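J.: next comes the sequence, and after it the predicted model I'd like to discuss.
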Amino acid sequence: MERATDTQPELWARPSRMMRLRMRLRRGRLDRELLSGSEPNRDPLILGRARQLTNREARADLARLFQRVLDFANEPESRLRGAVTIQRGSVRAAAPDIEHLIEVLRGPEPVSPQGVLMAHRLLTDGTGPLYRDYGDERRLVFMARRVRDGLRYGSSW
């Protein structure tokens with residue numbers, strides 16, 4: 001992304017309350033546009049959403065969630081019934097890749113909003129390899145690598 005210039009200071013300022021409300025109401029559309037590779041600088045709403053997704057706090061929250069997934073996979077089996085549970089074997093197989101993903105999230109380098117959205121999807125998609133057994137533990141390894149690469153290079157899903 002380019003730096004603020006005299007002609008674009010409003011794009012880099014902290015979003016107003018009204019702008020944050022508009023971003024919240026249009027979150028789904030903004031996220032779809034970012035995932036499709038839309039340039040954040042073309043629209044103040046898209047830029048604001050991209051900045052929300054990639055700020056330090058959001059990155060730290062995602063890293064914590066992935067760390068909890070790793071920790072949970074190594075705990076003794078839970079006897080909770082009805083609770084959504086992760087595929088422990090898949091997580092253990094993907095642990096090095098998930099750890100690398102966590103390092104990228106916690107690292108100093110900028111990350112792409114597309115990659116952050118991919119990470120959210122991996123964590124929240126109940127039909128994804130984190131939660132469903134597809135008979136191939138390597139599927140989660142592949143997805144974790146795609147997310148990590150998406151964080152770095154902005155590739156979309």
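T.: Thanks, I have it. Numbering: from 1, shown residues only.
J.: quick check: which ranges of the chain have low pLDDT?
T.: 1-13, 78-84, 154-157 (pLDDT under 70).
J.: all helices of it, in order?
T.: Taking DSSP state H, the helices of the chain run over residues 9-12, 17-25, 27-35, 44-54, 56-73, 88-106, 113-124, 138-153.
J.: roughly how far is the second one from the heart of the chain?
T.: In other words, helix 17-25. Relative to its chain's centre, helix 17-25 lies at 20 Å (CA atoms, centre = their mean, to the nearest Å).
J.: which other residues reach that helix?
T.: Contact partners of helix 17-25, identified using CB atoms under 8 Å, 6 or more residues apart in numbering, comprise 15, 30, 44, 45, 48, 49, 52. For glycine as for every other residue, the C-beta is placed from the backbone atoms N, C-alpha and C.
J.: on that earlier part again, with mean neighbour count added, can I get the helices of the chain in a markdown table?
T.: Shown next, in a markdown table, are these (neighbours: other CB atoms under 10 Å):
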| stretch | mean neighbour count |
| --- | --- |
| helix 9-12 | 14 |
| helix 17-25 | 13 |
| helix 27-35 | 17 |
| helix 44-54 | 21 |
| helix 56-73 | 16 |
| helix 88-106 | 18 |
| helix 113-124 | 22 |
| helix 138-153 | 20 |
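J.: reformat those as TSV; add distance to residue 130.
T.: Putting the helices of the chain into TSV (distance: least, CB to CB, whole Å) gives the following:
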stretch	distance to residue 130
helix 9-12	35
helix 17-25	26
helix 27-35	18
helix 44-54	20
helix 56-73	7
helix 88-106	7
helix 113-124	6
helix 138-153	6
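J.: next one: stretch 135-146 to chain centre, how far?
T.: Averaging C-alpha positions (CA atoms, centre = their mean) puts stretch 135-146 16 Å from its chain's average.
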